[in-house]
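Visitor: how does the following fold in three dimensions:
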Amino acid sequence: MFQAERDLLARTIGPWLAGPIEHVGSTAVPGLPAKPVVDIMAAVESLEASRPAIERLAAIGYCYAPYRCEVMHWLCKPGPDMRTHHLHLVPFGSELWQERLAFRDLLRRDAGTARDYAALKQRLAAMYSEDRERYTEEKGPFVREALRAAGWLPVRLAPYSHDWPRQFESEAAAIAEAFAPEPVALEHIGSTAVPGMAAKPVVDILLGAASLEAIERRIEVLGRRGYRYVPEFEGELPQRRYFVRPAAGEAQFHLHAVQREGDFWRGHVAFRDALRADRRAFDEYLALKRRLAASGMGRAAYTQAKAPFIRRVLSGLVR
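Guide: As a prediction, the model looks like this:
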């Protein structure tokens, strides 16, 4: 059903498409119980620019309804009372675009999450059998938590903010106080440390101490200052102790605590300095980040996809 409808839509609204037409929702996940309605998401440049497509879609049986009209154009076919298809015209690369694809892909690859989601859907269907909107709203917390736990939250790039360096200075002073009298070095790293660079609005802080033991002695102190210790990545990065603040919800600060002047320290400082000094590297990296963010991949995949470029810069191949 999806493939035939996708081909029809491509012919009908081709002039307004800015990206792919995707099969989303539960019918896009093999084995997942679902309402017999195919959800389709089509990428458009903007809501305003794609408004004329609504009239063209009416000619092939789609009905428009003003549902969540601040983030998408929503249509159904053949009508509200008996639906076989839902069509979502969504700006390509928007937060909604990324979240929908990320959650679909998570359910496809993680059987445990898919099983838990199926059980939730069945409970909500029994509770809200006459209220589709409430049924959909009640699934939201599960979706957000599943994406957060899997590192698949959508990537949202914000324009550069002159407040980011100020946030770093204030937070670095508080961290240095937490380590006193132990001497530590603190550097602002990541994209928020590069003037003009679009970035996720999270300030990355690099802390260099004399040893990992000196950092581990301050885990409790950092916890009292709102930092949550995240040991899950130490198998992959044994040279780093990682913390996020605030401890719950969306992070505002990432603290990467390492031995001063080790490989992790030198690599991150060198990459930051290269982006600050080399306009070609800056432009290529910004273009790469925007392409990856628009693709709909989650944060973990986004980070991995940037790694080859970072290695090229550090080896001097981007000049």
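Visitor: ranges for the strands of the stretch 201-319 of the chain?
Guide: Counting by DSSP state E, counting those that start in this stretch, the stretch 201-319 of the chain has strands at residues 203-209, 228-229, 240-245, 253-259.
Visitor: by mean pLDDT, which helix or strand of this structure comes out lowest?
Guide: Every helix and strand of the chain was ranked by mean pLDDT, DSSP states H and E. The lowest is helix 132-150, at a mean of 85.
Visitor: list of residues touching that helix?
Guide: Contact with helix 132-150 is made by 99, 102-103, 106, 110, 113, 116-117, 120-121, 124-125, 127-128, 152-154, 298, 300, as judged by CB atoms under 8 Å, 6 or more residues apart in numbering. Any C-beta I mention is one placed from the backbone N, CA and C, and that applies to glycine too.
Visitor: cool, and stretch 275-292?
Guide: For stretch 275-292, contacts defined as CB under 8 Å, 6+ apart pick out 93, 155, 157, 191, 194-199, 274, 302, 305-306, 309, 313, 318-319.
Visitor: try 6 Å this time
Guide: Contacts to stretch 275-292, defined as CB atoms under 6 Å, 6 or more residues apart in numbering, come from residues 194, 274, 302, 305, 309, 313, 318.
Visitor: any idea which of the residues you listed is closest to Val71?
Guide: Closest to Val71 out of the contacts of stretch 275-292 is Tyr302 (20.9 Å), distances taken as CB to CB.
Visitor: what about that closest one, neighbour count?
Guide: 22 (other CB atoms under 10 Å).
Visitor: would you mind measuring from it to Lys200?
Guide: Distance from Tyr302 to Lys200, counting by CB to CB, to the nearest Å: 9 Å.
Visitor: okay, buried residues for stretch 59-70 please.
Guide: Neighbour-count burial for stretch 59-70, counted by 16 or more other CB atoms under 10 Å, picks out 62-64, 67.
Visitor: thinking again about what came up before, turn the contacts of stretch 275-292 into JSON lines, including pLDDT and distance to Phe179.
Guide: Below are the contacts of stretch 275-292 laid out as JSON lines (pLDDT from 0 to 100; distance: CB to CB, whole Å):
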{"residue": "Val194", "pLDDT": "98", "distance to Phe179": "26"}
{"residue": "Ala274", "pLDDT": "96", "distance to Phe179": "28"}
{"residue": "Tyr302", "pLDDT": "84", "distance to Phe179": "31"}
{"residue": "Ala305", "pLDDT": "89", "distance to Phe179": "34"}
{"residue": "Phe309", "pLDDT": "95", "distance to Phe179": "33"}
{"residue": "Val313", "pLDDT": "95", "distance to Phe179": "31"}
{"residue": "Val318", "pLDDT": "55", "distance to Phe179": "35"}
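Visitor: quick one: buried ones out of the residues you listed?
Guide: 194, 274, 302, 309, 313, 318.
Visitor: would you turn these into a markdown table with distance to Leu288?
Guide: A markdown table is the format used below for these (distance: CB to CB, whole Å):
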| residue | distance to Leu288 |
| --- | --- |
| Val194 | 14 |
| Ala274 | 14 |
| Tyr302 | 10 |
| Phe309 | 6 |
| Val313 | 11 |
| Val318 | 11 |
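Visitor: which ones among those lie within helices?
Guide: Applying DSSP state H to those, the entries found in helices are 274, 302, 309, 313.
Visitor: contacting residues for Leu207?
Guide: Per CB under 6 Å, 6+ apart, neighbours of Leu207: 184, 186, 257.
Visitor: distance-wise, check it relative to Ser161.
Guide: According to CB to CB, Leu207 and Ser161 sit 22 Å apart.
Visitor: one more: His73?
Guide: Look at His73 and Ser161: by CB to CB, they are 31 Å apart.
Visitor: which of the two has more residues huddled nearby?
Guide: With neighbours defined as other CB under 10 Å, His73 and Ser161 compare such that His73 has more, 24 against 14.
Visitor: backbone torsions only: list them for the more buried one.
Guide: Backbone torsions of His73, given as degrees, to the nearest 10, read phi -100, psi 120.
Visitor: that one against Val90, yeah?
Guide: No - shown here, His73 and Val90 do not form a contact pair, counting by CB atoms under 6 Å, at 8.2 Å.
Visitor: is the residue located most distally from the centre of the chain part of a helix or strand, or is it coil?
Guide: Computed with CA atoms, centre = their mean, the residue of the chain farthest from its C-alpha average is Pro181, at 38.0 Å. Put simply, Pro181 is coil when judged by DSSP: H, G, I helix; E, B strand; the rest coil.
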